[in-house]
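Peer 1: 3D, please:
(chains A, B, C and D)
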Number of protein chains: 2
Amino acid sequence: MYGSTQVLEASHSPGADDLLAAYARLGEAPRQMNANCSLCSLRALCFASCLGEDELPRLERVVSQWRMIHRGDYLFRVGDKFHSLYTLRSGSFKTVAGHEDGLEHVSDFILPGETLGLGAIGSGQYDCDAIALEDSAVCIIPFASLESLCHDVRSVQHHLNQTLSREIVRSSRQMVLLSGMTAERRVASFLVDFSRRLLERGYAARSFTLRMTREEIGSYLGIKLETVSRTFSRFQREGLMRVDGKQIEIFDPEALAQI
Amino acid sequence: MYGSTQVLEASHSPGADDLLAAYARLGEAPRQMNANCSLCSLRALCFASCLGEDELPRLERVVSQWRMIHRGDYLFRVGDKFHSLYTLRSGSFKTVAGHEDGLEHVSDFILPGETLGLGAIGSGQYDCDAIALEDSAVCIIPFASLESLCHDVRSVQHHLNQTLSREIVRSSRQMVLLSGMTAERRVASFLVDFSRRLLERGYAARSFTLRMTREEIGSYLGIKLETVSRTFSRFQREGLMRVDGKQIEIFDPEALAQI
DNA sequence: CGAATACTTGAAATAAATCAAATAAGGTGG
DNA sequence: CCACCTTATTTGATTTATTTCAAGTATTCG
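Peer 2: Next up, the predicted model:
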């Protein structure tokens, strides 16, 4: 778009990603296709980040396939046998954790560069549903191969450990939010956090589209959709942000962060 | 006590553990002492579980030290530089996650065989406080050494991955609880879960002592201490359990699980 | 374009928090 | 080892943040 400024709606990289996104939109792409880490714009966020140029081919042998998932489709479901981790290349996902009695909870929203399936390593079964919030593309990382690569390349093992550990810290933060914050702070926290994650990935942090519904945000934050809506409206009245359906503009991130 | 039935208050193993517990009570023990995985009764729960008899000495070189922590003392604090994971040998801990503005949350209770410090791997700093709920003993696992052992012994790496992943799943379950359950279900869920964990460790599951206060339970469950107390009283009135201060007896685990 | 889904807003209901006060348990120093 | 002070727990009365119910409006997507 304009030089280095990229927004979520725009294709976020030239080359292979564009092709993939275009295929996904058309719904005509082969279900899987070959990956190429060297050309990937998200290299810095995934396992490639800990490898030298010369080691990338080894990763490419592990992450040899892509897959496209259409909006609303499942990448995996609770209980599915675990074979692979997935790194999101484009699009976005929600993960939904269930409970015996139908109680459901949106446990996370996933942005490009983030990894899906970490909870399945321990049990051999995926522990949540992963559902695409828009047409998306994922790299397939067969876990057995990744473990072998870990064995050969220490930095990859280190990276996997770090990824898992960071996920634990993230959960822990979310629990502080769920256990003690007012609805207002939860919503503010969600907006600030989401904005920060977009920024880290090179997207516009002040103006973005929420791909998820108010109900999904509410579930993620442990409040009802009406409360999300009311709080958005209040923040708008107070001049902190502009809300136009799913289109959000943040005017005063500092004030939001301090709520 | 009676054959194979062991209760939390009793020493849970003969030999080294007893010695350690005795030292801890006296407060006269050396601050650190040598570990011996081969003799440890918790072997089945920790990293030793994935090693053969012949490989144990390698683990013992990594986990070469114990440490005793008195009730109320910190094993580590938020922000401390990360060097080691800790496996609890005896006693119990709480972990407390903080937030900039003083908002605190008891993120977990730790029982023997469980690991402390997993959240520090990613950032190099501990992400929570770990505070002993009673005089306790921990094995010190220097992380650099553990990573080396992971490199040499695949099963150790696999075990670390599994431990980290299981922690993610645990957090995720706790978030479902915190985001959607009534106070009554949270308390029931806590009791059932705590009882199950005791059972898995060979302690009495129907009758046990809560080492933490009502306030700490409330923080863990995202409710106030008065609500914990009232719910305990209600469950007692309904004949599901007996409450005598910190001493708990579960009469009807099935009914509790179904609440 | 039109049915279905998503969102906003108001009013009433409620689960849990807060405030308060009395009782019980636990740890410490004399 | 007991008395005392502190901390923890229970229980009741009141308040409140959020949910629930409801109804109208806007969006989305096939």
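Peer 1: phi and psi next, for the closest residue in space to A:D80 that isn't next to it in sequence.
Peer 2: By the measure of CB to CB, 6 or more residues apart in numbering or on different chains, the closest residue to A:D80 outside its immediate chain neighbours is A:Y126, 4.8 Å from it. C-beta coordinates here come from the backbone N, C-alpha and C atoms, glycine included. Here is the backbone geometry of A:Y126 (degrees, to the nearest 10): phi -60, psi 140.
Peer 1: repeat for the one 4 residues further on
Peer 2: In this entry, A:A130 is assigned phi and psi values of phi -120, psi 120 (degrees, to the nearest 10).
Peer 1: thinking again about what came up before, my guess is the residue nearest to A:D80 contacts A:Y74. True?
Peer 2: No. Counting by CB atoms under 8 Å, A:Y126 sits too far from A:Y74 to count as a contact (9.9 Å).
Peer 1: these two - which one has more neighbours?
Peer 2: Each of A:Y126 and A:Y74 has its neighbours counted (other CB atoms under 10 Å in any protein chain shown); A:Y126 has more, 23 against 15.
Peer 1: say whether chain B is contacted by whichever strand or helix holds A:Y86.
Peer 2: Element membership of A:Y86 [criterion: DSSP states H and E] is strand A:84-90. No. For strand A:84-90, no contact with chain B is found by CB under 8 Å from any CB of the partner chain; the gap never falls below 10.5 Å.
Peer 1: pairing partners for that strand, with directions?
Peer 2: Note on strand A:84-90: by DSSP bridges, its sheet partners are strand A:115-116 (antiparallel), strand A:136-142 (antiparallel).
Peer 1: looking at those strands, which is closest to DNA strand C?
Peer 2: Minimum separation from DNA strand C across the strands paired with strand A:84-90 (CB to the nearest atom of the strand) falls at strand A:136-142, 17.1 Å.
Peer 1: could you list the residues in contact with that closest one?
Peer 2: A:17, A:20-21, A:24, A:32, A:35, A:46-47, A:62-69, A:71, A:75, A:83-93, A:116 (CB atoms under 8 Å, 6 or more residues apart in numbering or on different chains).
Peer 1: close to DNA strand D, is that strand?
Peer 2: No. On the criterion CB under 7 Å from any atom of the strand, strand A:136-142 is out of touch with DNA strand D, staying 13.7 Å away.
Peer 1: please apply the same query to stretch A:238-251.
Peer 2: Yes. Stretch A:238-251 reaches DNA strand D (CB under 7 Å from any atom of the strand) through A:D244, A:G245, A:K246.
Peer 1: out of those residues, who has the most neighbours?
Peer 2: A:K246 (12 neighbours).
Peer 1: which ones are touching the residue nearest to it when sequence neighbours are not counted?
Peer 2: Excluding the flanking residues, the one nearest A:K246 by CB to CB, 6+ apart is A:L210, at 4.7 Å. By CB under 8 Å, 6+ apart, the contact set of A:L210 is A:F194, A:I217, A:K246, A:Q247, A:I248.
Peer 1: buried ones among those?
Peer 2: Neighbour-count burial (16 or more other CB atoms under 10 Å in any protein chain shown) applied to those gives A:F194, A:I217, A:I248.
Peer 1: what about those, which are in strands?
Peer 2: The strands, defined by DSSP state E, take in A:I248 from these.
Peer 1: just send the buried ones among the contacts of A:L210 back as JSON lines, with distance to chain B and pLDDT too.
Peer 2: Formatted as JSON lines, those follow (distance: CB to the nearest CB, whole Å; pLDDT from 0 to 100):
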{"residue": "A:F194", "distance to chain B": "17", "pLDDT": "96"}
{"residue": "A:I217", "distance to chain B": "12", "pLDDT": "97"}
{"residue": "A:I248", "distance to chain B": "22", "pLDDT": "95"}
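Peer 1: ok, the buried ones among the contacts of A:L210 vs B:G222, which is closest?
Peer 2: Distance to B:G222, by CB to CB, is smallest for A:I217 among the buried ones among the contacts of A:L210, at 18.7 Å.
Peer 1: so how far is B:V176 from the closest one?
Peer 2: Between A:I217 and B:V176 the computed distance is 16 Å (CB to CB, to the nearest Å).
Peer 1: what's the burial count for A:G124?
Peer 2: 12.
Peer 1: check what pLDDT it gets.
Peer 2: On the pLDDT scale, A:G124 is placed at 96.
Peer 1: again, but for A:A21
Peer 2: 56.
Peer 1: again, but for A:L116
Peer 2: In this model, A:L116 carries a pLDDT of 97.
Peer 1: mind listing what it touches?
Peer 2: Going by CB under 8 Å, 6+ apart, A:L116 touches A:L75, A:F76, A:L85, A:Y86, A:T87, A:L88, A:F93, A:T95, A:I110, A:A130, A:V138.
Peer 1: wait, the first one touches A:L85, no?
Peer 2: No. Proximity of A:L75 to A:L85 does not meet the contact threshold set by CB under 8 Å, at 10.9 Å.
Peer 1: can you give me the helices for the stretch 1-150 of chain A?
Peer 2: For the stretch 1-150 of chain A, the helices defined by DSSP state H, counting those that start in this stretch cover A:16-26, A:56-62, A:143-152.
Peer 1: hmm, who's touching the shortest one?
Peer 2: This means helix A:56-62. By CB under 8 Å, 6+ apart, the residues outside helix A:56-62 that reach it are A:35-38, A:47-48, A:51, A:141-142, A:145-146, A:148-149, A:152-153, A:156.
Peer 1: give me the mean pLDDT for that helix.
Peer 2: 85.
Peer 1: again with stretch A:174-191
Peer 2: Averaged over stretch A:174-191, pLDDT sits at 96.
Peer 1: A:F235 sits in which helix or strand?
Peer 2: If you go by DSSP H and E, A:F235 is part of helix A:225-237.
Peer 1: strands paired with the helix or strand that that helix is followed by, and their directions?
Peer 2: Using DSSP H and E, the next helix or strand after helix A:225-237 towards the C-terminus is strand A:241-244. Paired neighbours of strand A:241-244 in the sheet (DSSP bridges): strand A:247-250 (antiparallel).
Peer 1: contacts for the helix or strand following the partner strand?
Peer 2: The helix or strand immediately downstream of strand A:247-250 is helix A:253-258, counting by DSSP H and E. Helix A:253-258 has contacts (CB under 8 Å, 6+ apart) with A:A188, A:L191, A:V192, A:S195, A:A205, A:R206, A:F235, A:L240, A:M241, A:I250.
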